[in-house]
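Trainee: Below is the sequence, then the predicted model.
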Amino acid sequence: MSTSDTGGLVNQALSVRVFGVGGAGGNALTRLLLNPPGDARLTVMNTDSQALNASPVPDKHSLGATDMRGLGAGGDPAMGQAAAEADEAQLREMCQGADLVFIVAGLGGGTGTGASPVIARIAREAGALVLGVVTLPFDCEGSRRRKQALLGLEHLKAEADGVVCLPNQKVFKMIDENTSLADTFEFTNELIADGVRGIWRLVTQTGLINIDFSDLRSALKGRHAESFFASAEATGPQRAKEIVEKIMSSPLLEGGEMLTGAQSVLVSIMGGADLSMAEVNRIMEQVNRRAEGAHLILGAAIDSHYNQRLSVTLVASRFQVDAPASPDTIETQRTVAEDAPEMETHFLKRQESVQHTQRFVAPPPELSAEKTQELLQARGLVGGGRRRKSANAFQQQLPLEVVSKGRFEKSEPTIHKGEDLDVPTYIRRGILLN
Amino acid sequence: MFDSANIIVGLEIGTSKVCAAVGELNENGALSVIGIGQARSRGVRKGEITDSSLAEEDIRNAIVEAEQMADVEIRSVYLGVSGNHLRGFNNHGVHPVVSADREINEDDVQDVVRNAKAVNLPAENYVVHAIRQHFTIDGQKGIQNPVGMLGARVEVDVHVVHGNLNRIRNSIRTVKGLQLEVEEVVFGGLASSLAVLNNTQKELGALVIDFGAGTTEYVVYNNGVVKHTGVLAVGGDHISNDLAYGLKLPLGRAEQLKIEQGGAMMDEALRGKNIALANEVGLPSRTVNCDHLRRIMSLRIEETLQLIDQDLARHGLHEYLRAGVILCGGGARIPGIQDLAERVFQMPVMLGQACSINGLSDALKQAEFATTIGLVKFGSLQQKGKAVRGGLLSGIKDTIGALIPGRRG
Ligand SMILES: Nc1nc2c(ncn2[C@@H]2O[C@H](COP(=O)(O)OP(=O)(O)OP(=O)(O)O)[C@@H](O)[C@H]2O)c(=O)[nH]1
Ligand SMILES: Nc1ncnc2c1ncn2[C@@H]1O[C@H](COP(=O)(O)OP(=O)(O)O)[C@@H](O)[C@H]1O
Ligand SMILES: [Mg+2]
Ligand SMILES: [Mg+2]
């Protein structure tokens, strides 16, 4: 484990807040509430007091209550922005002491689109690591909403440490085409909730392999990442193989293609006491193969409720090469932003297979088979109710080294005829060890 | 106690080490190395300073050590530079001889070389060297020293090495921050070649490769002059990083493993063998597959050499290398690299040793000191050149001052 400045930080002590902003954000939190991520504090925020009152999430904040009188932003992001700015002091108060803040919203309307970047800025100024988890509108919602959403995405990316993006349209590929709009939204909300849970688990859960909060932070901090994610579950003897297939075929990752251009990939693996290191390795090997050159961050945890079940959440990020768009440059970038992010992705993929920004870094070392055995046995000795405590004990036994900075992090990449020579030769030549 | 004019100091700010060597030139023109100082380098990546305060500290330590050993006070250095930004190419200069008697004098030589140096380069570039190759007088080629000869038109071929002005300035500024003067900046690979080649090898034609930690520099000689130079920002650090990645080891361990167990060639005898890594407190013991270790290393080294080979092929230089390839730099210590290089270049490969300097203990003949020793040798050639006017390398000291405005005292 990297003994960095936050080395003394116990994961459980992390203060996590989840803000659901606007109608879509609130709905996603309703799903999250069904199976909430530990002691993360959930808060719904809206300019629309009716929607707020209808939410089962107990912690509510009425955005811009004095000026907007609870009537909603009527699809105008400027209203959403003004509402959040009017509440700056209260929002700052709410972010006080938070280590990690999730901002969940559907982009395209007024509240989520306009308020999220403001909230992100406030949370970041308060010292939190800020992750946005947002949807982009369906194609059928029209080009105005779509433009508005993409513009909002740019703003959010400029303010948050990372933004995980879920284009609603891609969800269509995952469901029956006759599904009602309401059910489709529900399905999307569940995906969003999954994403939040996965990332949360990644940083807070102690287990077989822990991710230091500082690692996540350094992977995302200040780089204005845009990320895509997918989750899957599987059971049975072939579950490791199956789960990889599911993830890789997810339309959200464009059939695994998203991984090719990724600079960093977070993998959160959760299983029962029967989760073996061999399974973890099998999954990581596959991810590694597809995300060549990406910085892999792995977390694996055991939850006694997960017997036979295996669940994986994967977040693939690419960092913005350019400086983040500032609000005044947004207008001129609009033509670029009008292209769907998917297009941007393809573009990047082709361009960046010669990767000018990708750094190759050593991953955390694997556990030996013996150690795994030892760990799993030790686990068996303690009761399920004391999982956290015992997991903590492992952590002390297991000072995993997570090398988060490669030798060449600070220097210019060595590009020779379009090839990044910093990437190990054997990888570029496609030579498999074994 | 020493006449400081006869003290010549070479300073290499390498990626793995900062090294200073003190040379003394006696009345007979013989050069002896009387002191050396070294420090592990922490502020350099790929041959360029990335952390100047760390670099400054390391340079100070190396200089102080060299001063103590040589018992002199170091005031100025010949500074080695490297990095991906350095480029070399051949250029040509022409100059009409104006004197009434048509006898070519030293000024004509300076002028024609200056013309050859007047390369059309972007303003951010700085010419580090314009190394004279051959002169041509009224169409007659292959003249080594035209001074005193008769002619109407003198031409010169030079090999120009240039680099990014700001980066070179950066190195100079760091050195000057320690109250040291910079006599000249010298391409590290060129310095190494001066240390390891004898005159016969330069005549016959040879390739010198300095395989360092962050960069691999190379220089081609033929007919006694520099024909070609190059830098790849790839070196021993890449090998270590590849191993760290492929064997899933921390970088420090990978570096150690590379030095203790590494090799450039695949070895059937290692197939299926494992190396047990030393136990660290609280960590399970680990084994590393020897075959994987070798394969990762071998592929990287082979590729690096191949890139040089391809560059030589592009410039049609293979046929000139009748004395073969000479390896130096820390990478020359990798077991089997000679065999691998012979396979890549299809010619004899030798390990270089700093030569023709007195007082070099065996320790100083080590491959990784080639640059530093070569810098001392470069300095001595310049000093001697000053005495007799016109040496192998054109003087550029005057231009160094211009690099750091207002700080030259
Ligand atoms: N996944 C999902 N997306 C939704 C849901 N409701 C709306 N959306 C999407 O989110 C976008 C923004 O809608 P809302 O969240 O209702 O808008 P808002 O932020 O409340 O803004 P205003 O209503 O204008 O104040 C829409 O364009 C839809 O694409 C939902 O329940 N689930
Ligand atoms: N026996 C060895 N086997 C493999 N690599 C070695 C060995 N000895 C030195 N090296 C490598 O050589 C490099 C240092 O070479 P050096 O010429 O001193 O570099 P630089 O001048 O760039 O500082 C380091 O990467 C080091 O690991
Ligand atoms: Mg609404
Ligand atoms: Mg060197």
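Mentor: Now that the structure is in, tell me what you want to look at. Ligands and ions are numbered 1, 2, ... in the order given.

Trainee: residues contacting the residue in the stretch 151-300 of chain A that ligand 3 sits nearest to?
Mentor: Proximity of the stretch 151-300 of chain A to ligand 3 (C-beta to the ion) peaks at residue A:185, 12.7 Å away. No exception for glycine: its C-beta is placed from N, CA and C like everyone else's. For residue A:185, the contacting residues are A:24, A:27, by C-beta atoms under 8 Å, 6 or more residues apart in numbering or on different chains.

Trainee: my hunch is that it is in a helix, does that hold up?
Mentor: Yes. Residue A:185: assigned to a helix according to DSSP: H, G, I helix; E, B strand; the rest coil.

Trainee: Grab the nearest non-local neighbour of the residue in the stretch 301-409 of chain B that ligand 3 sits nearest to.
Mentor: Residue nearest to ligand 3 within the stretch 301-409 of chain B (C-beta to the ion): residue B:303, separated by 57.0 Å. Nearest non-adjacent residue to residue B:303, counting by C-beta to C-beta, 6 or more residues apart in numbering or on different chains: residue A:425, 4.7 Å away.

Trainee: Next: residue A:195.
Mentor: residue A:229 (4.9 Å).

Trainee: right, and the one you found touches residue A:164 too?
Mentor: Yes. Using C-beta atoms under 8 Å, residue A:229 makes contact with residue A:164 at a distance of 5.4 Å.

Trainee: Quick check: neighbours shared by the two?
Mentor: By C-beta under 8 Å, 6+ apart, the residues touching both residue A:229 and residue A:164 are A:195, A:199, A:315.

Trainee: where's the second one relative to residue A:75, distance?
Mentor: I take that to be residue A:199. According to C-beta to C-beta, to the nearest Å, residue A:199 stands 29 Å off from residue A:75.

Trainee: What about the residue of the stretch 301-409 of chain B closest to ligand 3, how many residues nearby?
Mentor: 20 (other C-beta atoms under 10 Å in any protein chain shown).

Trainee: Quick check, it in contact with residue A:427.
Mentor: No. At 11.7 Å, residue B:303 does not count as touching residue A:427 under the criterion of C-beta under 8 Å.

Trainee: sorry, back to before: more neighbours, residue A:229 and residue A:164?
Mentor: Neighbour count, other C-beta under 10 Å: between residue A:229 and residue A:164, residue A:229 has more, with 28 against 25.

Trainee: Please identify the helix or strand for that one.
Mentor: strand A:225-235 (DSSP states H and E).

Trainee: Just the buried residues of the helix or strand just after that strand, please?
Mentor: Next helix or strand after strand A:225-235 toward the C-terminus (DSSP H and E): helix A:239-248. Buried residues in helix A:239-248, counted by 16 or more other C-beta atoms under 10 Å in any protein chain shown: A:239-240, A:242-244, A:246-248.

Trainee: Please report the distance of residue B:297 from chain A.
Mentor: 9 Å (C-beta to the nearest C-beta, to the nearest Å).

Trainee: List the contacts of that residue.
Mentor: B:239, B:242-243, B:258, B:262-264, B:334.

Trainee: Next: residue A:171.
Mentor: A:184, A:187-188, A:191, A:251-252.

Trainee: show me where pLDDT drops low in the chain?
Mentor: Since no chain was named, I'll use chain A. For chain A, applying pLDDT under 70 flags the ranges A:1-13, A:67-70, A:204-226, A:254-257, A:319-406, A:410, A:434.

Trainee: if you could check chain B rather than the one you did, that'd help
Mentor: The model of chain B has pLDDT under 70 over residues B:1-5, B:278-285, B:356, B:359-360, B:363, B:385-409.

Trainee: where along it do the helices fall?
Mentor: Assigned by DSSP state H, chain B shows helices spanning B:52-70, B:106-117, B:165-176, B:188-196, B:199-204, B:236-247, B:251-261, B:290-314, B:337-345, B:370-388, B:397-403.

Trainee: residues of the first one that come out buried?
Mentor: Okay, so that is helix B:52-70. Within helix B:52-70, the residues that count as buried by 16+ other C-beta under 10 Å are B:52, B:55-63, B:65-67, B:69-70.

Trainee: so what secondary structure elements neighbour it?
Mentor: Using 3 or more C-beta pairs under 8 Å, 6 or more residues apart in numbering or on different chains; DSSP states H and E, the elements in contact with helix B:52-70 are strand B:7-13, strand B:17-25, strand B:31-40, helix B:165-176.

Trainee: Could you single out the most deeply buried of the ones you listed?
Mentor: Among the helices and strands packed on helix B:52-70, ranked by average contacts under mean count of other C-beta atoms under 10 Å in any protein chain shown, first place goes to strand B:7-13 (a mean of 28).

Trainee: quick check: angle from it to helix B:188-196?
Mentor: 130 degrees (axes from the mean of the first three to the mean of the last three C-alpha atoms, to 10 degrees).

Trainee: what lines up beside strand B:7-13 in the sheet?
Mentor: If you go by DSSP bridges, strand B:7-13 pairs up with strand B:17-25 (antiparallel), strand B:76-81 (parallel).

Trainee: need those strands in JSON lines with distance to residue B:343, can you?
Mentor: JSON lines is the format used below for the strands paired with strand B:7-13 (distance: least, C-beta to C-beta, whole Å):
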{"stretch": "strand B:17-25", "distance to residue B:343": "29"}
{"stretch": "strand B:76-81", "distance to residue B:343": "30"}
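
Trainee: out of those, nearest to residue A:297?
Mentor: Nearest to residue A:297 among those is strand B:17-25 (33.3 Å), distances taken as C-beta to C-beta.

Trainee: show me the contacts for residue B:224.
Mentor: Residue B:224 makes contact with B:144, B:199, B:202-203 under the criterion C-beta under 8 Å, 6+ apart.

Trainee: By neighbours, which of these wins?
Mentor: Tallying neighbours with other C-beta under 10 Å puts residue B:202 at the head of the contacts of residue B:224, with 20 neighbours.

Trainee: Excluding covalently adjacent residues, which one is nearest to that residue?
Mentor: Spatial nearest neighbour of residue B:202, excluding adjacent residues (C-beta to C-beta, 6+ apart): residue B:221 at 4.4 Å.

Trainee: The one you found and chain A: what is the separation?
Mentor: 24 Å.

Trainee: count of neighbours near that residue?
Mentor: Neighbour count of residue B:221, defined by other C-beta under 10 Å: 24.

Trainee: shouldn't it be in contact with residue B:193?
Mentor: Yes. With contact defined as C-beta under 8 Å, residue B:221 reaches residue B:193; the gap is 6.8 Å.

Trainee: Please enumerate the shared neighbours of those two.
Mentor: Common neighbours of residue B:221 and residue B:193, using C-beta under 8 Å, 6+ apart, are residue B:208.

Trainee: re earlier: in the strand holding residue A:229, what counts as buried?
Mentor: A:225-234.

Trainee: quick one: contacts for residue B:168?
Mentor: If you count contacts by C-beta under 8 Å, 6+ apart, then residue B:168 has B:81, B:126, B:128, B:185, B:403 around it.

Trainee: cutoff 6 Å now
Mentor: Taking C-beta atoms under 6 Å, 6 or more residues apart in numbering or on different chains, we find residue B:168 in contact with B:81, B:126, B:185.

Trainee: Show me which residues of chain B sit near ligand 4.
Mentor: B:14, B:212, B:371 (C-beta under 5 Å from the ion).

Trainee: Let's have those residues in a markdown table, adding distance to residue A:35.
Mentor: Converted to a markdown table, the residues of chain B next to ligand 4 look like this (distance: C-beta to C-beta, whole Å):
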| residue | distance to residue A:35 |
| --- | --- |
| B:14 | 56 |
| B:212 | 55 |
| B:371 | 63 |
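
Trainee: filter those residues by proximity to ligand 2?
Mentor: B:14, B:212 (C-beta under 6 Å from any ligand atom).
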